[in-house]
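> Sequence first, then the predicted structure, then my questions.
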Amino acid sequence: MANRFEKLNLKNRVFLAPMEEVNDIAFRLLCKEAGAGLTWTPLTSPLDPRKQNLEDKPILQIFATSKRGIKKFMKKYDSKVSGWDFNLGCPAATARQQGYGSYFKNIKLIEEILKEMRSSTKKPLIVKIRKSDISFKVLEIAEKYCDAIAIHPRTREQGYSGEPDLDFALEIKKSSSIPVIYSGNVGEKNYKSFLEKFDFVMIGRAAIGHPEIFSKISGNKKFKRKFENYLDLAKKYGLPFRQIKFHAMQFTKGVRGSRKIRNEMIKAKEVEELEKVVQSLFKSE
């Protein structure tokens, strides 16, 4: 493991994967409290002027197609994060439209960006990739500048469906001189087997609505799964209603009468209405 990771004094090697429209500050704080070794922010542009809420000391993940704004952005937030991640794996439609994430394949510019990021921080630097025809070329570059590489071994076309290509991820691991973070269908039942093969793992979709997955893995018996806890944090940080409603729906997973709960939540038009639904129907939580 890279020295920069060792200096973080991580509680464990199981991380919250970066997820767009999921990893808001309230959700990340819950996952961190539950026991996630590290949390990731959603994709962030270094040109985005909006304030970043980083109280969970996350890995701040950026997307870019040039060096523009990177050094200034990193200087602004470097003291508030545990490290940085350059995303080359996002398969979303917006990534296709703007040419970033898994659609950004200019090897020369990728190296320029990682070199710029490396010169802007002494904290861990990671690059996140998918299975593609440039994966091993990116690995070569990462070995010059990064402290780890994260691999989600699905193709861009697969998105988040189909089976991850574990053999491909193992080839990346075998070829890499830096730690490898594995992402793809990791959950409570199989994370240990992945940790036998890789240095770190990320849990993504299995954590949506269930931040307590990290408490089960970390042995944190004090953590309790309560949507009210998310709601309190969401209100504290002024998260938009649509975001709060999204997580409210996710928290119904595994709750008795979840269909009834969701139907009531769908009717809610503001936080106060949603809160009444939670108070009346989440008593069993």
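Thanks, I have the structure now.
> could you dump the lengthiest helix in the chain to CSV, C-alpha only?
If you go by DSSP state H, the chain has its longest helix at helix 107-119. Extracted in CSV, the C-alpha atoms of helix 107-119 (Å, rounded to 0.1, in the frame of the first residue of the first chain):
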residue,chain,number,x,y,z
ILE,A,107,-4.0,9.7,-23.4
LYS,A,108,-1.8,12.8,-23.7
LEU,A,109,-4.3,15.0,-21.9
ILE,A,110,-5.0,12.4,-19.3
GLU,A,111,-1.3,12.4,-18.4
GLU,A,112,-1.2,16.2,-18.3
ILE,A,113,-4.2,16.3,-15.9
LEU,A,114,-2.8,13.7,-13.6
LYS,A,115,0.5,15.4,-13.6
GLU,A,116,-1.2,18.7,-12.7
MET,A,117,-3.2,17.0,-9.9
ARG,A,118,0.0,15.4,-8.5
SER,A,119,1.8,18.7,-8.4
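> Flag every buried residue along that helix.
Ile110, Glu111, Ile113, Leu114, Glu116, Met117 (16 or more other Cβ atoms under 10 Å). C-beta: built from backbone N, CA, C; applies to glycine.
> Sheet-wise, list the partners of the helix or strand just after that helix with their directions.
Using DSSP states H and E, the helix or strand that follows helix 107-119 towards the C-terminus is strand 125-130. As defined by DSSP bridges, the strand partners of strand 125-130 come to strand 83-88 (parallel), strand 148-152 (parallel).
> Out of those, which one sits most buried?
Mean neighbour count (mean count of other Cβ atoms under 10 Å) peaks for strand 148-152 among those, with a mean of 27.
> can you list the residues that contact that strand?
Strand 148-152 is touched from outside by 2, 5, 85, 89, 124, 126-131, 135, 138-139, 142, 164, 168-169, 172-173, 176, 178-184, 199-200, 202, with contacts defined as Cβ atoms under 8 Å, 6 or more residues apart in numbering.
> Is it possible to mark the buried ones in those residues?
Of the contacts of strand 148-152, these count as buried by 16+ other Cβ under 10 Å: 5, 85, 89, 124, 126-131, 135, 138-139, 142, 164, 168-169, 172-173, 176, 178-184, 199-200, 202.
> before we move on, back to that, which one among the buried residues of helix 107-119 gets closest to Val278?
Lowest distance from Val278 to the buried residues of helix 107-119 (Cβ to Cβ) belongs to Met117, with 40.8 Å.
> Any stretches of this structure with poor pLDDT?
For the chain, the stretches with pLDDT under 70 are 1-3, 280-285.
> That'll do, ta.
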